[in-house]
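Novice: Could you look at this predicted model? Sequence included:
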Amino acid sequence: MKLIIMRHGQASWSAPSDQERSLTGQGLREVRDTTALLAGQRVDCVFASPYLRAQQTGHIVAEGFGLKVTTLDELEPDGDPSKVLDALPDSGVVLLASHMPMVSYLVGLLCDGTPKLGPSFQTGMALVLEVEMLAPGMGRVIERIIP
């Protein structure tokens, strides 16, 4: 299976809470640019954190592929990456719209076997992973998409 792990676009700091921070104009452009760069890929489903900026990111990507977004609470910034893996389908091409540090933790867990060793993601960035199975150390990065 393929797993596309994407960080939301740049978000505003002016919001009543972290959960309500929305994408800025630049953040919208970043997500649209990454979506355009993903256009040659197949995507079967899109999952997003419940936070507004990740929902906006997920909806832009999903619209580009004619899909709907499924909200996955485990994708919150400080969620448990193991629980994310438990909640995902085990086949197809799955895109996740989430946050730092969760995106880093997921890549670290899947590629290195430990969530603490993952890479940093700039806003709007996505990594495409080839995953043998949804388990620690069973993935490898095959493409980096930077808006």
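Specialist: Looks like it came in fine.
Novice: Quick check: E20 touching A54?
Specialist: No. E20 is not in contact with A54 according to CB atoms under 8 Å; the separation is 11.8 Å. To be clear about C-beta, it is placed using only N, CA and C from the backbone, and glycine gets the same treatment.
Novice: Looking only at neighbour counts, state which of those two leads.
Specialist: The neighbour count for E20 versus A54, taken as other CB atoms under 10 Å, is higher for A54 (31 against 13).
Novice: Am I right that that one is in a strand?
Specialist: No. Counting by DSSP: H, G, I helix; E, B strand; the rest coil, A54 is not part of a strand but helix.
Novice: Quick check, it in contact with M100.
Specialist: No. Using CB under 8 Å, A54 is not in contact with M100; the gap is 11.2 Å.
Novice: dump the residue contacts of M102.
Specialist: Residues near M102 by CB atoms under 8 Å, 6 or more residues apart in numbering: S49, L75, E76, P77, D78, G79, P81, V84.
Novice: Tell me the buried residues within those.
Specialist: By neighbour count, with 16 or more other CB atoms under 10 Å, the contacts of M102 hold S49, L75, E76, P77, G79, P81, V84 as buried.
Novice: for these, which one is nearest G139?
Specialist: Looking at the buried ones among the contacts of M102 and their distance to G139, the nearest is P81, at 11.8 Å (CB to CB).
Novice: Just give the nearest non-adjacent residue to G64, would you?
Specialist: T35 (4.3 Å; CB to CB, 6 or more residues apart in numbering).
Novice: so that neighbour is in which element?
Specialist: helix 25-37 (DSSP states H and E).
Novice: So what touches that helix?
Specialist: Under CB under 8 Å, 6+ apart, the answer for helix 25-37 is 6, 8-11, 23, 53, 56-57, 60-61, 64, 123-126, 145-147.
Novice: Pull that helix out as CSV, backbone CA atoms only.
Specialist: Below are the C-alpha coordinates for helix 25-37, written out as CSV (Å, rounded to 0.1, in the frame of the first residue of the first chain):
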residue,chain,number,x,y,z
GLY,A,25,-3.7,32.6,1.9
GLN,A,26,-0.2,31.2,1.7
GLY,A,27,-1.3,28.0,3.4
LEU,A,28,-4.1,27.6,0.8
ARG,A,29,-1.6,28.0,-2.0
GLU,A,30,0.7,25.5,-0.4
VAL,A,31,-2.0,22.9,-0.2
ARG,A,32,-3.2,23.6,-3.7
ASP,A,33,0.4,23.3,-5.0
THR,A,34,0.9,20.0,-3.3
THR,A,35,-2.4,18.7,-4.5
ALA,A,36,-1.4,19.7,-8.1
LEU,A,37,1.9,17.9,-7.6
